[in-house]
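Colleague: model this:
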Amino acid sequence: MSLLESSMVALGSPCPDFALRGVDGKIWHRDDFPSPGLLIVVMCNHCPYVQAVDGRINKLAKEFKGRCEVVGINANDAEAYPEDDFESMRSRTQEQGFVFPYLRDESQATVKALGAVCTPDFFLFDGTRKLRYRGRLDDNWKDESRATHQELRLAIEALLSGQPIPEPQRPSMGCSIKWKQNP
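Modeller: The predicted structure follows:
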């Protein structure tokens, strides 16, 4: 496991279009989410940083449904990390009761276009699909009860109310994305 911080992509960057298969069997596109906000979470199954926060991600998806849609994308090399393959994603979705689409980026092109480097990596886009927030979920990935500053929640609330996103935006941290050696 290699610990990295997110790259803090330039605010205002456009959300890449995508056509990715979800664990529900559907091919999902960026424009399938017409809500005023779109939160893309680059995640996977095996990363302990993701495992520690996936319940919080699901909670946000439930709370903001219809106003800010949440989408999980897994791009890890499933040959090198079989616990991140499509069937394992489907199982994890069922086990955790994810209420958001969990998509497979087999080519890794969407995740690269986002500028993601770690799992989890969070990207919040506005209604015009411009990047408004990239950074961490909160200030305690290990223990939700000890988190005192909910940066991502505050960013979503600000976005939806037309207010400026609170600064500073601090990078997320997690496992490195498992890039394919010969894509």
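Colleague: Report the helix or strand with the lowest average pLDDT across this structure.
Modeller: Each helix and strand of the chain was given a mean pLDDT (mean pLDDT, DSSP states H and E); the minimum falls on strand 3-5 at a mean of 75.
Colleague: What helices and strands are in contact with that strand?
Modeller: Under the contact definition 3 or more Cβ pairs under 8 Å, 6 or more residues apart in numbering; DSSP states H and E, strand 3-5 sits against strand 118-119, strand 173-176. Every C-beta, even on glycine, is put in place using the N, C-alpha and C of the backbone.
Colleague: Relative to the whole chain's centre, how far out is the last one?
Modeller: The reference is to strand 173-176. In terms of Cα atoms, centre = their mean, to the nearest Å, the centre of strand 173-176 is found 12 Å from the chain centre.
Colleague: What lies in contact with it?
Modeller: 1-6, 44, 46-50, 117-121, 136, 141 (Cβ atoms under 8 Å, 6 or more residues apart in numbering).
Colleague: try it again with 10 Å
Modeller: Residues from elsewhere that reach strand 173-176 (Cβ atoms under 10 Å, 6 or more residues apart in numbering): 1-6, 42-44, 46-50, 52-53, 76, 81, 117-121, 136, 141.
Colleague: I'd like the average pLDDT over it.
Modeller: In this model, strand 173-176 carries a mean pLDDT of 93.
Colleague: Likewise for stretch 43-52?
Modeller: In the prediction, stretch 43-52 has an average pLDDT of 95.
Colleague: heads up, I number from 49, so please use that
Modeller: Right, with 49 as the first residue, what we last looked at is stretch 91-100.
Colleague: Next, the buried residues of it.
Modeller: Neighbour counts using 16 or more other Cβ atoms under 10 Å place 91-95, 97-100 of stretch 91-100 among the buried residues.
Colleague: Could you list which of those residues belong to strands?
Modeller: Within the buried residues of stretch 91-100, no residue falls in strands by DSSP state E.
Colleague: quick check, nearest of these to Thr176?
Modeller: Met91 (24.6 Å; Cβ to Cβ).
Colleague: Next up, phi/psi of that closest one, please.
Modeller: phi -150, psi 180 (degrees, to the nearest 10).
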